[in-house]
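Asks: Output the structure for:
(one chain, ligands or ions: 2)
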Amino acid sequence: MNPLKQLEAFGQSPWLDFVRRSLIEKGELAAMTERDGLKGVTSNPSIFEKAIGHSDEYDADLKAFLHDGDQGVGALYEHLAIGDIRAGADALRPVYDRTHARDGYISLEVSPYLANDTEATVNEARRLWKTVDRPNLMVKVPATPAGIPAIRTLIGEGLNINVTLLFAISAYEAVVHAYIDGLETLAKAGGDLSRSASVASFFISRIDSLVDKKLDAAIAKGADKAALDALHGKAAIANAKLAYASYRRLFSGSRWESLAARGAQTQRLLWASTSTKNPSYPDTLYVETLIGRDTVNTMPPATMDAYRDHGKPVADTIESDVPGAQATIAALGAAGVDIEAVAKELVVDGVKQFADAFDQLLGAVAMRRRKTFDGDRASFALALAPDIQAAFDKEIEAWRADGRIRRLWASDKTVWTGADEDHWTGWLHNVDHERKGIDELIAFASEVQARGYTDVVLLGMGGSSLGPAVLAETFGHRKGWPRFHMLDSTDPAQVAAVADACALATTLVIVSSKSGSTLEPNIFMAYFYDRIRAVSGDAAGRQFVAVTDPGSALETAAKEHGFGHVFHGVKSIGGRYSVLSKFGLVPAAAIGLDLPACLDAARRMARGCGPDVPPSENPGLRLGVALGVCARHFKRDKVTIIASPAIASLGAWLEQLLAESTGKQGHGLIPVADEATGAPGVYGDDRFFAYLELADGVDPKQRAAVAAIEAAGHPVARISVGTPIDIWQEFFRWAMATAVAGSVIGINPFDQPDVEASKIATRKLTSEYEKSGKLPETAPIYSADGIALYADAPNAKALGKQGDLTAYLRGHLGRAGAGDYVALLAYIQRDAAHTEVLQAARTAIRDRTHCATCLGFGPRFLHSTGQAYKGGPNSGVFIQITSDDAHDVKVPQQSYTFGIVKAAQALGDLQVLQERGRRALRVHLHDVESGLRTLTAALHAAIG
Ligand SMILES: O=P(O)(O)OC[C@H]1O[C@](O)(CO)[C@@H](O)[C@@H]1O
Ligand SMILES: O=C[C@H](O)[C@H](O)COP(=O)(O)O
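Replies: Numbering: from 1, shown residues only. Ligands and ions are numbered 1, 2, ... in the order given. As a prediction, this is how the structure comes out:
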């Protein structure tokens, strides 16, 4: 007779410790119930890892499931695992019915990540129970200190529970008490006790593996070899015998009898971990010795095959020689091996092992999901030199080992500095939310078209304007939709130029400010309202919409002026992360983008970076760790962004995200956007390169330049962006990367403490102006040919007295050394001509000094890179460029002009840079055009 079948006669049920789709689909599982008397199945994360991660049996199902719509990695895993569990349950259903709910179960384990959280375990078990929806499911819950109360609750609710990771008799006894308590609760609630089943999975081989190791260590240290050798391979079986004795004792007595009288089943001991790990032990050791009435032995296929082949069943071996078992445990104690301590260690290790396996499993699913979606078009690769790679790997492992990505998604502020970061993580979850509410925006888009707007102007600063600007530049003017303009400058010429470029009677104005109190959008709004009122009269307000956080002053003003719409932002999303909320979506709607497609792309990345995607497969996390590690450990903090021409505008958005988020407390990333790409030799060792290549718009020269940079050993992140719509993926990827880099660097990536300093200085200057009618003046350190130079005492001293402009500039640039960057901060109109000459100067400076270079137009950069320039590392050498304005423009209802505001902003900015001990020189041009020519000629001469 098949020895497996004989076990039944001895009161033991053989279960299979293995799951695989083909086993069920091909009918093998059902066949085993006949052939081997198989009565149940157990699974665990390691088993699913082997099944799903190492076979292609699930590929077709995964593809089909994804074909119906994008899913997160956790959902994909569950789809596959639950498919198997349901099919397995159905195959075992005849056994369940035949044994009247005593046998015929299949087990599915709750996520091992929750092993130390009672409430989360309870919720997860309930969810799985409901989802699987089979009476012969057992939910596996570990016997950790947090798991035991969960077991009590779940039994009380009538769920079938397989208690896993049991090693200690004390824990086992606590589990039995929890079971009996739970049954009493269930009885009180009128539950059917006879249909409620539970097993207590006592792990066997793992005990021997650890105890044997400890014995070997003791022998190596000089303990009595013969005595200790005799204990090898004995601990687990002895422990099991004592557990079985406890079982007999605990399921007796009046308390139990009254439950039994109501039909309650005992919670059987299930011997798990019964494959022998030490090849010198017989392969059927943990079957032969553990036969007992009312028990289960779950065996992996190899053990089952071995037992079927040469097993020799003997009844009640578990009850033989219990005094001998006690003596073994005592002898182990005398040898310094405390079995309770061993058990504790094994629980911790068991949770870790399953969590590690789960990481691998989810990683494998994530990889398949990515391949299914992206194919070869969208990819992400890091090229890191060996020393950086080693530090990167270490950090990645640290994130994996403590589940930091899950903590990040759970808004655990200790991932960062423990300040108020938990209040600022709304962007993590907002894409789904916006996707659900998309109809409101689609209706708004139809209204924009129906009203026949020719132009749309967005008024806003930093995070409130740069995302929309990327969209407008990337997608261009779409036929049948308004042309897009953006105003984020107080330069009077720029303010007027934007308004003059619009047909004001048919212009839609989007006033975009989260706080609603930012100076610039408010004065832009006043200006545009006046101008539009002049053409549209009292109906002017209808041409305006506001995007702002609920209850802001802007919302109040919008209502007063009869704005067409007020769209709300989300308070827990800071400005620079806000493109994934109405701040990006309202302008996107107004210029005619396919909103569902935008959000689907963003959601794909959000899911790809999800809490269930382990670090090895998580693209946002990997990028963030690379950025953080390079800055923190290798002084490679100049994040140089190179993007395909069609998506080049992403650079300005990335700048504000990276700089304002990370540049503080003397640390951070200095983004370098729109710098001409050069040969490897022009770059210092302080660079990190991010190359965003549009699959449909590859610039071969750029690609070759990046390849040369990579070959020269600089760290490079290569991101392949499939199509322009995929920039929505980049919005999420980089938001995640920034949050992660912030954690690695050790700062709060959601505040901007140093922006406020400039704002305060500016406010002081404008109120002084309102009182006195002028801004404070200091004497220049040099003045000639329509140009004046200003510096505070320390900077003036460092520069010394020089004969001409070129000499001053030479001296100032000479202060930049290895690891420094040079930034041109231009408070002039941002137009193509000005950009071109300043870019040329920038390239020349970079090529000559090998320093990273930045170009910012004021006041725009104040809400972007300005934070890092003041709060980040003191490695900047600044040239501030200001000018007289040929034509100034009045700010309605104020005593000041845009020119005054701009001048006050520049002065305030300079003051703060100087207070922070930055190397800063102000160059004032009396006439912008001729002054710029003189300045750039002098700059070229200074470095020539
Ligand atoms: O949307 P708001 O509140 O007008 O702020 C604009 C910008 O100013 C800052 O608050 C500070 O620069 C940015 O973070 C933000 O994007
Ligand atoms: O329930 C089954 C257990 O998870 C399994 O038997 C553990 O076995 P192992 O120790 O061989 O991993």
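
Asks: going forward, measure contacts and count neighbours with C-alpha atoms only.
Replies: Noted.

Asks: quick one: residue 406 from ligand 1, how far?
Replies: 26 Å (C-alpha to the nearest ligand atom, to the nearest Å).

Asks: if you look at the helix or strand harbouring residue 651, does any of it touch ligand 1?
Replies: In the assignment (DSSP states H and E), residue 651 maps to helix 650-662. No - contact of helix 650-662 with ligand 1 is not found when judged by C-alpha under 6 Å from any ligand atom; the minimum separation is 7.0 Å.

Asks: Run the chain-centre distance for that helix.
Replies: 17 Å (C-alpha atoms, centre = their mean, to the nearest Å).

Asks: cool, and stretch 672-680?
Replies: Worked out by C-alpha atoms, centre = their mean, stretch 672-680 lies 29 Å from the chain centre.

Asks: what's the helix holding residue 651 packed up against?
Replies: helix 466-475, strand 638-643, strand 670-673, helix 727-745, helix 866-871 (3 or more C-alpha pairs under 8 Å, 6 or more residues apart in numbering; DSSP states H and E).

Asks: out of those, nearest to ligand 1?
Replies: helix 866-871 (7.5 Å; C-alpha to the nearest ligand atom).

Asks: Would you mind listing the outside residues contacting that closest one?
Replies: Defining contact as C-alpha atoms under 8 Å, 6 or more residues apart in numbering, one finds that helix 866-871 is touched by 659-660, 662-670, 752-755, 876, 912-913, 916, 918.

Asks: SS state for the residue in the stretch 751-900 of the chain positioned nearest to ligand 2?
Replies: Using C-alpha to the nearest ligand atom, the single residue of the stretch 751-900 of the chain nearest to ligand 2 is residue 751, 45.3 Å away. Going by DSSP: H, G, I helix; E, B strand; the rest coil, the secondary structure assigned to residue 751 is coil.

Asks: before we move on, what SS does the residue in the stretch 451-600 of the chain that ligand 2 sits nearest to have?
Replies: Relative to ligand 2, the nearest point of the stretch 451-600 of the chain is residue 600 (38.0 Å; C-alpha to the nearest ligand atom). Using three-state DSSP, the structure places residue 600 in helix.

Asks: Distance check, it against residue 611.
Replies: Going from residue 600 to residue 611 by C-alpha to C-alpha, to the nearest Å gives 18 Å.

Asks: Using PDB, write out the CA atom coordinates for the helix holding residue 651.
Replies: The C-alpha coordinates for helix 650-662 follow below in PDB (Å, rounded to 0.1, in the frame of the first residue of the first chain):
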ATOM      1  CA  LEU A 650      11.500  69.300 -18.800                       C
ATOM      2  CA  GLY A 651      14.800  70.700 -17.500                       C
ATOM      3  CA  ALA A 652      13.300  73.800 -16.000                       C
ATOM      4  CA  TRP A 653      10.600  71.700 -14.200                       C
ATOM      5  CA  LEU A 654      13.300  69.300 -12.900                       C
ATOM      6  CA  GLU A 655      15.400  72.200 -11.700                       C
ATOM      7  CA  GLN A 656      12.800  73.500  -9.400                       C
ATOM      8  CA  LEU A 657      11.900  70.100  -8.200                       C
ATOM      9  CA  LEU A 658      15.400  69.000  -7.400                       C
ATOM     10  CA  ALA A 659      16.800  72.300  -6.100                       C
ATOM     11  CA  GLU A 660      13.900  73.500  -4.000                       C
ATOM     12  CA  SER A 661      13.400  70.100  -2.600                       C
ATOM     13  CA  THR A 662      16.900  69.100  -1.600                       C
END
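
Asks: Number of residues surrounding residue 173?
Replies: 15 (other C-alpha atoms under 10 Å).

Asks: Might one say that it is in contact with residue 246?
Replies: Yes - at 7.4 Å, residue 173 counts as touching residue 246 under the criterion of C-alpha atoms under 8 Å.

Asks: Can you pull up the residues of this structure that come close to ligand 2?
Replies: 17, 42, 44, 206, 272-273, 275.

Asks: and the residue in the chain that ligand 2 sits nearest to, what does it touch?
Replies: Ranked by C-alpha to the nearest ligand atom, the top residue of the chain for proximity to ligand 2 is residue 273, at 3.3 Å. By C-alpha under 8 Å, 6+ apart, the residues touching residue 273 are 202-206, 298-299.

Asks: Which of those residues fall in helices?
Replies: Counting by DSSP state H, the part of the contacts of residue 273 found in helices is 205-206.
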